[in-house]
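Undergrad: Sequence below, structure please.
(2 chains)
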Amino acid sequence: MTRHTTILRAAAALPLMLAATAAAAHTGEGVSGGLLSGFTHPIFGFDHVVAMVAVGLWGAFLGAPAVWILPVVFPLVMALGGMLGVAGIDIPAVETGIALSGVILGLLVALAVRAPIRVAAVIVGAFAIFHGHAHGTELPEAANPFAYGVGFVIGTGVLHLVGIGLGLLTKLPQGQWIVRAAGAVIAAIGGAFLVGAA
Amino acid sequence: MTCGAVFPSSAAKAHAFDVGADGYAQFVEGAAVALEDPAVLTACLAVGLAAGVWRADGWPKAWPFFAAGLVGGALVAPVAPVWTVALCTGFAALLGALTALLAQRSGTFVPPAATVGGALAMAVSLEGHASGTLGWPILAGVLLTPNLIAAATAGLAMVSLRRWPRPWMVIGWRIAASWLAAIAAMYLAFLVSRT
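TA: Numbers count the residues shown, from 1 in each chain, chains lettered A, B, ... in the order given. The predicted structure follows:
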């Protein structure tokens, strides 16, 4: 098996992780409900999805050490935002920040911006606060909070892995353009959320 | 004052054990504490992760410190304040974050962290129970599971790093540590917000 084939298969496999879902009605209560609520919160929020995938894409695009620093930094800072949300501390313009994260991160990928790792970590961390705050404020009343936290952290991580998987396409001859096009699509979707069109 | 605001007093919620049950049931009840209490669970996972990622023989090196912490925690548990659970959760978040950021350069803090983690895990598990009021089956169960959780986590990390000594394997464990830190931080926020 050639290395290119391996990369293609790995890149294709990761997004398929999102395809299969259990058919189950849930009320968001208890441990299982909390886990499901938490997991689906970033997955079913397309404004979250595009930004999370963009983080993985940009990290893969920048290469080591960004490919691991960004997916490590993001959950940590996101948790800070989540703590603020759970504590009821308001952050202004959270939804605008979330939409803007899709636009900015998408453009960074589309324009192939190679920022220094510290700058990249700060940009990603800044947007992580908004995403975490949204997850924290939307914790269902009856849900098990620990299970909810497990769910949305893993859900976020899965999306990062999808982005990294897609980012592996940069290893292919035309892969850079595919990845940059994906960045442009993400920026467009983020823009749609920003202007209220989505 | 700040500590008082962060860790306000609340009703004691020590684990209530059924001391009238038979020995086996008591043992199972004690063993279940570490699995059912998010604070104890995340602390043990964090210690195991840190030890497993640290070095090839990380867990054997860290375990004596962890065991000493467990014993120390059992001794102070009768007088442990109710905010010990928040302290334990915060410790798990901090250790997870340090492991994520430092990984195999975490040598200086893993042994003392194992001691602190063991102490906090046991203090939370036995919080409020006076010495001599719990039977040995319960104590055996309470002592056993934290060791199993930390050892299994460390073992998984050590075996995988030995089997696939690649950069991406270390990256994977760093990401797992960051996830654990994030989960513990969120739970800490919930604990503090509901008091």
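Undergrad: Chain B contacts on chain A?
TA: Within chain A, the residues that sit near chain B (CB under 8 Å from any CB of the partner chain) are A:64, A:67-68, A:71-73, A:75-76, A:78-80, A:82-84, A:86-88, A:136, A:139, A:145-146, A:148-150, A:153-154, A:157. Every C-beta, even on glycine, is put in place using the N, C-alpha and C of the backbone.
Undergrad: Could you identify the buried members of those?
TA: The neighbour count (16 or more other CB atoms under 10 Å in any protein chain shown) marks A:67-68, A:71-73, A:75-76, A:78-80, A:82-84, A:86, A:136, A:139, A:145-146, A:148-150, A:153-154, A:157 as buried among these.
Undergrad: circling back to that earlier point, so which of the residues of chain A next to chain B sit within strands?
TA: Assignment to strands by DSSP state E places none of the residues of chain A next to chain B there.
Undergrad: Just those: which are in helices?
TA: Those of the residues of chain A next to chain B mapping onto helices are A:67-68, A:71-73, A:75-76, A:78-80, A:82-84, A:86, A:136, A:145-146, A:148-150, A:153-154, A:157, per DSSP state H.
Undergrad: Low-confidence stretches in chain A?
TA: A:1-30, A:140-142, A:198 (pLDDT under 70).
Undergrad: quick one: secondary structure of residue A:196?
TA: For residue A:196, the assignment made with DSSP: H, G, I helix; E, B strand; the rest coil gives coil.
Undergrad: Over to it: give its phi and psi.
TA: Per-residue torsions, residue A:196: phi 80, psi 10 (degrees, to the nearest 10).
Undergrad: what angle separates the helix or strand encompassing residue A:41 from helix A:66-86?
TA: Using DSSP states H and E, residue A:41 sits within helix A:30-44. Counting by axes from the mean of the first three to the mean of the last three CA atoms, to 10 degrees, helix A:30-44 lies at 120 degrees to helix A:66-86.
Undergrad: How far does helix A:30-44 sit from its chain's centre?
TA: Computed by CA atoms, centre = their mean, to the nearest Å, the chain-centroid distance of helix A:30-44 equals 16 Å.
Undergrad: Downstream of it, the next helix or strand is which one?
TA: The first helix or strand that comes after helix A:30-44 along the chain, using DSSP H and E, is helix A:46-62.
Undergrad: Packing partners of that following helix?
TA: helix A:30-44, helix A:66-86, helix A:94-110, helix A:117-137, helix A:145-167, helix A:175-194 (3 or more CB pairs under 8 Å, 6 or more residues apart in numbering or on different chains; DSSP states H and E).
Undergrad: okay, it in PDB with CA atoms only?
TA: Only the C-alpha atoms of helix A:46-62 are listed here, as PDB (Å, rounded to 0.1, in the frame of the first residue of the first chain):
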ATOM      1  CA  PHE A  46     -23.000  23.800  12.400                       C
ATOM      2  CA  ASP A  47     -21.400  27.000  13.600                       C
ATOM      3  CA  HIS A  48     -19.400  24.900  16.100                       C
ATOM      4  CA  VAL A  49     -18.700  22.200  13.500                       C
ATOM      5  CA  VAL A  50     -17.100  24.400  10.900                       C
ATOM      6  CA  ALA A  51     -14.900  26.100  13.500                       C
ATOM      7  CA  MET A  52     -13.700  22.900  15.200                       C
ATOM      8  CA  VAL A  53     -12.900  21.300  11.800                       C
ATOM      9  CA  ALA A  54     -11.100  24.500  10.900                       C
ATOM     10  CA  VAL A  55      -8.900  24.200  14.000                       C
ATOM     11  CA  GLY A  56      -7.900  20.700  13.000                       C
ATOM     12  CA  LEU A  57      -7.400  21.700   9.300                       C
ATOM     13  CA  TRP A  58      -5.200  24.700  10.200                       C
ATOM     14  CA  GLY A  59      -3.200  22.600  12.700                       C
ATOM     15  CA  ALA A  60      -2.500  19.900  10.000                       C
ATOM     16  CA  PHE A  61      -1.800  22.600   7.500                       C
ATOM     17  CA  LEU A  62       0.800  24.300   9.800                       C
END
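Undergrad: If you count neighbours, what's buried in that helix?
TA: A:47-62.
Undergrad: what about the closest residue to residue A:147 other than its chain neighbours, how many residues close to it?
TA: Distance criterion CB to CB, 6 or more residues apart in numbering or on different chains; nearest residue to residue A:147, sequence neighbours excluded, is residue A:34 at 3.5 Å. By other CB atoms under 10 Å in any protein chain shown, the residues close to residue A:34 number 25.
Undergrad: Close to chain A: what parts of chain B are there?
TA: B:38, B:93, B:97, B:100-101, B:167, B:171, B:174-175, B:177-179, B:181-183, B:185-190, B:192-193.
Undergrad: Out of these, which sit inside helices?
TA: Checking those against DSSP H, those in helices are B:38, B:93, B:97, B:100-101, B:167, B:171, B:174-175, B:177-179, B:181-183, B:185-190, B:192-193.
Undergrad: Out of these, which end up buried?
TA: B:38, B:93, B:97, B:100-101, B:171, B:174-175, B:177-179, B:181-183, B:185-190, B:192-193.
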